[in-house]
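Engineer: Here is my input, please return the structure:
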Amino acid sequence: MTEPDDFTRPSTTPAPRRRRPSFAAPTDEIDVPPLDQIAPTLEPCWHKEDSDTPDRTASYHHPDGHRLGLRIQSRGLAIQTWITAGPDLPPIPDGTDIEQAEAQAANDARLQPGRTWHAVLATRHSKELAADLAALVRGHLLPALTRKPKHVSTTTDEQKADTATEGPTT
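Structural biologist: Next up is the predicted model:
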């Protein structure tokens, strides 16, 4: 016959789990300059709109209805960027069947009306934040209006050099 087990208390008591209160501030934070100082200047057709929080957000408007926005995320670890296509696609011109097919293919390859394309800039790895932000907007977001890329890579030249020196991984 077996002895009865005492289920009221285990033989060892686990240590109580320490929890951070939900209102406690995170320990990781990066000091980012105000966005109105580092926001890129775009071509004259893009109009920068006034914002209630110019140090944290910026938005631009294009006459064709396109919108571009920038926002510093909490704790300054990233800057979120996005572009929304305007309501109209360029018209397909009258011409030969080949010209119309090429124009339709160009319309199909671009960001569709009302759709949004996002990209994020990690501020922790950026040495020149204003230049990296301008490169992201001009190199990845604006081209999405005419030819949407399959993915967005936000690695800087320094990060590419670091990965090139590490060698292949298996």
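Engineer: where do the strands sit along this protein?
Structural biologist: 47-49, 57-61, 67-72, 78-84, 116-122 (DSSP state E).
Engineer: So what touches the third one?
Structural biologist: The list of residues contacting strand 67-72 from outside it, by C-beta atoms under 8 Å, 6 or more residues apart in numbering, reads 32, 35, 39, 42, 46, 55-62, 78-84, 133, 137, 141-142. C-beta here means a position set from N, CA and C on the backbone, and glycine is covered the same way.
Engineer: Please check these and keep the buried ones.
Structural biologist: By neighbour count, with 16 or more other C-beta atoms under 10 Å, the contacts of strand 67-72 hold 32, 35, 39, 42, 46, 56-62, 78-79, 81-84, 133, 137, 141-142 as buried.
Engineer: picking that back up, so which of the strands of the chain is nearest F23?
Structural biologist: When those are compared for distance to F23 using C-beta to C-beta, the nearest one is strand 67-72, at 21.6 Å.
Engineer: Please state the mean pLDDT value computed over that closest one.
Structural biologist: The average pLDDT within strand 67-72 is 93.
Engineer: and that strand, which strands flank it?
Structural biologist: strand 57-61 (antiparallel), strand 78-84 (antiparallel) (DSSP bridges).
Engineer: and the angle from that strand to strand 116-122?
Structural biologist: Angle, strand 67-72 to strand 116-122, by axes from the mean of the first three to the mean of the last three C-alpha atoms, to 10 degrees: 30 degrees.
Engineer: and strand 67-72, which residues are buried?
Structural biologist: For strand 67-72, by 16+ other C-beta under 10 Å, it's 67-72.
Engineer: Dump the residues you listed to CSV, plus distance to A106.
Structural biologist: As requested, the buried residues of strand 67-72 are exported to CSV (distance: C-beta to C-beta, whole Å):
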residue, distance to A106
R67, 21
L68, 21
G69, 25
L70, 27
R71, 30
I72, 34
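Engineer: Now the two most distant members of those.
Structural biologist: R67 and I72 (18.0 Å).
Engineer: Show me where this protein has its helices.
Structural biologist: 35-38, 97-109, 129-136, 157-166 (DSSP state H).
Engineer: Can you tell me, leaving aside adjacent residues, what's nearest to L42?
Structural biologist: Closest residue to L42 apart from its sequence neighbours, by C-beta to C-beta, 6 or more residues apart in numbering: Y60 at 6.1 Å.
Engineer: Next: P54.
Structural biologist: Closest to P54 by C-beta to C-beta, 6+ apart is D36, at 4.1 Å.
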